[in-house]
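1. Here is a sequence together with a model predicted from it:
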Amino acid sequence: MDIDAYFAGLIEQSTGSFTTVAHRNQKPDGCTIVSCPKRKRKSRIVRENMPGFTTISPTSVAGKKEYAWRHFLEGGYVAIGWLSHVDLTNKSIQEIDKLLEDKYPNEPGEVSKALRAFERFMSLKQGDYVAVPNVSFGLFGVGLVRSGYKFKEKMHEIGSEDKSRFYSHYREVEWLVKDYHDKSEILLEGEKCWEPFGTIGKVQAKVPSYIARLIGLPTEAASPKRAKVVVAEPEYLKSLLSRIEALRQDSGHQERDHESLVEDFFVSIGYRKQTDLKFRRGRIDLTIALMAHRWLLWR
């Protein structure tokens, strides 16, 4: 297992709150794994001296993402909701957990979702990168976190008709990419997409290659080479390929012409044509025999 998969597995296990640190194991790439006993939480990644990356949605209101993104962009910040009347400056995760349980006494799912969002939001450091997603369709922008946690009631307008809904917890951001980019412009073949749903994605200990390319980071991963595809036409197939192209242009050709092409292809690669076979029952078009094996091509 490579190191990225190892850390991704650790992050996947990170849900709920944590209390006493049981032990630390220093990893060679600058990450510290912290064991946390509460709620069966096994581990959490604490990043050291390296920029991280996450995604933050500008709103949960359907159809208002671009509207809310404009507020992010023009205000130079990112923000999240819940406990919108409570300043969480210097609050521990345990204290935030208690506030959420008091706010949502009969909604454990909402408490868990909100606590996970606050853990990720509070773990961001100045110098980390953040992207604003349009679910999986593209990214509105990418920026650099420039402040610690800040609170301002009604800081962020989310586009809801219910004016009691707003975001108050925010971080200042310097926007590096301000124009919308479609997913097809961002990801190379085989690259995994960002988290499309949720308030805030997992805080990754490493900036993804697609983000590095967008912001021009001088990393080797920022410029993966695409495999060059070379189409070669073997000399012994050129005549057959010409006939295929001719059939494409001839809308009136017969089905038997397709069968003849298949037959001639096998002849070109070393099979012998059986000339004494005139007709066979069962709608068998071709019989292909190789030593003790036989394949029947059906119409």
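-> That came through, no problem.
2. wouldn't F72 be in contact with G141 here?
-> Yes. Using Cβ atoms under 8 Å, F72 is in contact with G141, at 7.4 Å. Yep, even glycine has a C-beta here, placed from its N, CA and C like the rest.
3. Mutual contacts of these two, please.
-> Residues touching both F72 and G141 (Cβ atoms under 8 Å, 6 or more residues apart in numbering): V132.
4. hmm, which helix or strand of this structure has the shakiest average pLDDT?
-> strand 24-26 (a mean of 38; mean pLDDT, DSSP states H and E).
5. Going along the chain, name the strands of the stretch 101-250 of the chain.
-> For the stretch 101-250 of the chain, the strands defined by DSSP state E, counting those that start in this stretch occupy 129-134, 138-145, 150-156, 167-177, 181-182.
6. so which of those strands is the most packed in?
-> strand 129-134 (a mean of 23; mean count of other Cβ atoms under 10 Å).
7. re earlier: will you turn the strands of the stretch 101-250 of the chain into JSON lines that also has distance to L247 and mean pLDDT?
-> Shown next, in JSON lines, are the strands of the stretch 101-250 of the chain (distance: least, Cβ to Cβ, whole Å; pLDDT from 0 to 100):
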{"stretch": "strand 129-134", "distance to L247": "44", "mean pLDDT": "96"}
{"stretch": "strand 138-145", "distance to L247": "41", "mean pLDDT": "96"}
{"stretch": "strand 150-156", "distance to L247": "62", "mean pLDDT": "95"}
{"stretch": "strand 167-177", "distance to L247": "49", "mean pLDDT": "96"}
{"stretch": "strand 181-182", "distance to L247": "37", "mean pLDDT": "94"}
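8. would you list those in CSV and tack on distance to I244?
-> As requested, the strands of the stretch 101-250 of the chain are arranged in CSV below (distance: least, Cβ to Cβ, whole Å):
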stretch, distance to I244
strand 129-134, 43
strand 138-145, 39
strand 150-156, 60
strand 167-177, 46
strand 181-182, 35
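9. Any idea which of these gets closest to C193?
-> strand 129-134 (9.0 Å; Cβ to Cβ).
10. In terms of secondary structure, what does that closest one contact?
-> strand 53-55, helix 65-75, strand 138-145, helix 209-215 (3 or more Cβ pairs under 8 Å, 6 or more residues apart in numbering; DSSP states H and E).
11. weakest of those in terms of mean pLDDT?
-> Per-stretch mean pLDDT for the helices and strands packed on strand 129-134 is lowest at helix 209-215 (a mean of 93).
12. Okay, buried residues for that one please.
-> 209-214 (16 or more other Cβ atoms under 10 Å).
13. name the helices or strands packed onto it?
-> strand 129-134, strand 138-145, strand 167-177, helix 183-186.
14. Direction included, what does the second one pair up with?
-> According to DSSP bridges, the neighbouring strands of strand 138-145, each with its direction, are strand 129-134 (antiparallel), strand 167-177 (antiparallel), strand 181-182 (antiparallel).
15. if I look at the most centrally placed residue in the chain, how far off is S136?
-> Central residue check for the chain by Cα atoms, centre = their mean: the C-alpha nearest the mean position is that of C193, 1.6 Å away. Distance, C193 to S136, using Cβ to Cβ, to the nearest Å: 6 Å.
16. Touching both of the two, which residues are there?
-> K183.
17. For the protein, give me the ranges with low pLDDT.
-> Confidence mapping of the chain against pLDDT under 70 gives the ranges 1-49, 218-231, 274-299.
18. quick one, domains of it?
-> 51-222, 235-298 (automatic domain parsing).
19. Could you check how far the first one is from the centre of its chain?
-> This points to domain 51-222. Chain-centre distance of domain 51-222: 15 Å, with Cα atoms, centre = their mean, to the nearest Å.
20. Going forward, count from 655.
-> With 655 as the first residue, the last one maps to domain 705-876.
21. Would you check that I747 makes contact with R774?
-> No. Counting by Cβ under 8 Å, I747 sits too far from R774 to count as a contact (10.9 Å).
22. Have a look at these two and say which one is more surrounded.
-> R774 (21 against 18; other Cβ atoms under 10 Å).
23. Against N744, how distant is the more buried one?
-> Taking Cβ to Cβ, one finds R774 at 18 Å from N744.
24. and if you look at Q903?
-> 75 Å.
25. And for H810?
-> 21 Å.
26. Could you work out the end-to-end span of stretch 784-797 for me?
-> With Cα to Cα, to the nearest Å as the measure, stretch 784-797 spans 5 Å from end to end.
27. Please enumerate the helices of the stretch 655-804 of the chain.
-> For the stretch 655-804 of the chain, helices defined by DSSP state H, counting those that start in this stretch occupy the ranges 657-666, 719-729, 747-757, 762-777.
28. Cool, thanks, talk later.
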